[in-house]
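Undergrad: The following block contains a protein sequence and its predicted model.
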Amino acid sequence: MKKEQREKIVALDKRYVWHPYTSMQDYQETDPLVIEHAQGARLFDFDGHVYLDGNSSWWVSTLGHAHPRLVAALKRQADELCHVSLAGVTHRNAAELGEALCRIAPPGLTHVFYTDDGSTAVEMALKASLQYWAQNGRPARKEFLALEGAFHGETLGVTSLGGIAAFHDAFEGNAIRCTHLTSPCVSLERSLDELEATLRRMQDRIAALVIEPLVQGAAGMRIYAEEYLRAARALCDRYDTFLICDEVFTGYGRTGKQWACDHANVSPDFLCTAKGFTGGVLPMAATLVNERVYSGFLGARERTFYYGHSFCGNPLGAALALEVLRIFEEEAILQNAVPKMRRIAEFFESFQNYEGVQKPRALGMIGALDLDGDATGYLAHAGWEVYAEARRRGAYLRPLGNVVYMTPALTISDTELCRLLEIFQESVERVLERGRRKA
């Protein structure tokens, strides 16, 4: 029966579904994972196989799959209120979540705007920046700064911030203007010199600097020094430019603290959060702003921020987001994850002398390394060989080109983490051995 169900699902899927970040030409020839259910750090497919989820299902299931408290919160809220517009209306969850977010946010962030996902959380920050300057005496400020290799989402506005050619080039010239700066992952000194020189030269045209604090995720888990955050904040202050921190990936404990900004004691003007925001149960996001930004929209009606989504502040999502924060506090999620973070750091350090491996690195619950190969960038293939080996051994490790990484749930058990690391090592070693034989 299960085999027949699986065959039907795959047939329907290949006939009708267009998958994200997937070559549909190649997909027609693949045998996809067909997941039946998930629990904790594990995925269960229709064939009876079990896989350790090595990337928290695209970085969202930070508390694991089907956390019992989140499932219960969703059921309770569904019985009470599934949806109501937030346009001039409110409800208990939206109000309480706003207070809870501002309480744990970096100092000075005092207001919350709800959105649907990471892309729209950053899009909100871009649009609010542009409108703020337009109606507060600096209408020429219409351009943005971002880092080389940046990725901030999928909507057209945030796509223009992107520095990954495979994601950005098709839309060149169709979105907002953005200048890309050398990443601090490449050179901290050069990056800061470029930032200061660009702000000095273009200060009357720049609306904001947009960065992923400490880790450029989709660029290949590129990790940089806290010093850049502190210096960037100081430079944005000096030239009176907004700092937008995209914590969609880095927030909610992924780097070892609630926010990556906390490592440097930096408060941005905008902080964007999603992914782990609802524990991977429902799509919802938020953008936090400081009093200056919020006050810039007060006054006459034409100063209103005319932006929003039908599901803005959705009661179901807000209930989940509140429960996530309670779980973090009551179950000491970050404190209990510290030994796991140390284990990940030690594990990736052990790859330092591997031939064919470059730049093993780790921060918090993130570990990554680069494999040598004939190609570089997102379209490189070596990482997919590791993916195939890991799948055969019982782990899901989706690479970024030749970058092989893991971002498991913060709640993964010690036994599961140990096995995930074993599979990772076995899979990398197998691919490296195969490459040496070919050479």
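TA: Yes, it's here.
Undergrad: those strands in the stretch 201-350 of the chain, which residues are they?
TA: Remark: strands assigned in the stretch 201-350 of the chain by DSSP state E, counting those that start in this stretch are 206-211, 215-216, 222-223, 242-246, 270-273, 285-290.
Undergrad: so where do the helices sit in the stretch 101-250 of the chain?
TA: In the stretch 101-250 of the chain, helices defined by DSSP state H, counting those that start in this stretch lie at 118-135, 156-159, 165-168, 188-202, 226-238, listed in chain order.
Undergrad: The fourth one - contacts with which helices or strands?
TA: Other elements packing on helix 188-202 under the criterion 3 or more Cβ pairs under 8 Å, 6 or more residues apart in numbering; DSSP states H and E are strand 143-147, strand 177-181, strand 206-211, helix 226-238. In short, each C-beta sits where N, CA and C put it, glycine included.
Undergrad: quick check: angle from it to strand 206-211?
TA: Inter-element angle recorded for helix 188-202 and strand 206-211: 160 degrees (by axes from the mean of the first three to the mean of the last three Cα atoms, to 10 degrees).
Undergrad: Same check on the first one?
TA: Using the same axes, to 10 degrees, the direction of helix 118-135 lies 160 degrees away from that of strand 206-211.
Undergrad: Report the buried residues of helix 118-135.
TA: Neighbour-count burial for helix 118-135 flags 118-135 (criterion: 16 or more other Cβ atoms under 10 Å).
Undergrad: for the fourth one, same thing?
TA: Residues of helix 188-202 classed as buried under the neighbour-count rule (16+ other Cβ under 10 Å) are 188, 191-192, 194-196, 198-199.
Undergrad: What helix or strand is D79 located in?
TA: For D79, the element it lies in under DSSP states H and E is helix 68-80.
Undergrad: Run the chain-centre distance for that helix.
TA: Here helix 68-80 is found 25 Å from its chain centre; the criterion is Cα atoms, centre = their mean, to the nearest Å.
Undergrad: Check which helices and strands it sits against.
TA: helix 315-330.
Undergrad: Could you list the buried residues of the helix it packs on?
TA: 315-325, 327-328.
Undergrad: Now flag whichever of those is closest to T278.
TA: The shortest gap between T278 and any of those belongs to L320, at 4.1 Å (Cβ to Cβ).
Undergrad: now what about the helix or strand encompassing L43, what contacts it?
TA: Mapping L43 onto the secondary structure by DSSP H and E places it in strand 42-45. Under the contact criterion Cβ atoms under 8 Å, 6 or more residues apart in numbering, strand 42-45 has outside partners 33-38, 50-53, 57, 65, 396, 416.
Undergrad: would you put the C-alpha positions of it in CSV?
TA: Taking only C-alpha atoms (Å, rounded to 0.1, in the frame of the first residue of the first chain), the coordinates of strand 42-45 have been written out as CSV:
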residue,chain,number,x,y,z
ARG,A,42,14.2,13.1,12.1
LEU,A,43,12.3,12.8,8.8
PHE,A,44,10.4,9.7,7.9
ASP,A,45,9.7,8.7,4.3
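Undergrad: What strands flank whatever helix or strand comes next after that strand, and is each parallel or antiparallel?
TA: For strand 42-45, the following helix or strand on the C-terminal side (DSSP H and E) is strand 50-53. Take DSSP bridges as the rule and strand 50-53 pairs in its sheet with strand 42-45 (antiparallel), strand 395-396 (parallel).
Undergrad: any idea which of those strands is most buried?
TA: A comparison of the strands paired with strand 50-53 by mean neighbour count, using mean count of other Cβ atoms under 10 Å, puts strand 395-396 on top with a mean of 26.
Undergrad: Check the offset of whichever helix or strand comes after that strand from the chain's centre.
TA: For strand 395-396, the succeeding helix or strand toward the C-terminus, using DSSP H and E, is strand 403-406. Once both centres are worked out by Cα atoms, centre = their mean, strand 403-406 turns out to sit 15 Å from its chain's centre.
Undergrad: repeat for stretch 285-298
TA: Centre-to-centre, stretch 285-298 and its host chain are 22 Å apart (Cα atoms, centre = their mean).
Undergrad: Stretch 258-276 now?
TA: 12 Å.
Undergrad: mind exporting that stretch as PDB, just the C-alpha atoms?
TA: Taking only C-alpha atoms (Å, rounded to 0.1, in the frame of the first residue of the first chain), the coordinates of stretch 258-276 have been written out as PDB:
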ATOM      1  CA  GLN A 258      19.300  34.900  20.700                       C
ATOM      2  CA  TRP A 259      20.400  37.400  18.000                       C
ATOM      3  CA  ALA A 260      23.700  37.500  16.100                       C
ATOM      4  CA  CYS A 261      23.700  41.200  16.900                       C
ATOM      5  CA  ASP A 262      24.100  40.300  20.500                       C
ATOM      6  CA  HIS A 263      27.600  39.000  20.000                       C
ATOM      7  CA  ALA A 264      28.700  42.600  19.200                       C
ATOM      8  CA  ASN A 265      26.200  44.400  21.500                       C
ATOM      9  CA  VAL A 266      24.800  46.200  18.400                       C
ATOM     10  CA  SER A 267      21.300  47.500  18.000                       C
ATOM     11  CA  PRO A 268      20.300  48.100  14.300                       C
ATOM     12  CA  ASP A 269      17.600  50.500  13.200                       C
ATOM     13  CA  PHE A 270      15.700  47.500  11.700                       C
ATOM     14  CA  LEU A 271      15.900  43.900  12.700                       C
ATOM     15  CA  CYS A 272      14.200  41.300  10.500                       C
ATOM     16  CA  THR A 273      13.300  37.900  11.800                       C
ATOM     17  CA  ALA A 274      11.500  34.800  10.400                       C
ATOM     18  CA  LYS A 275      12.400  31.100   9.900                       C
ATOM     19  CA  GLY A 276      12.700  30.000  13.600                       C
END
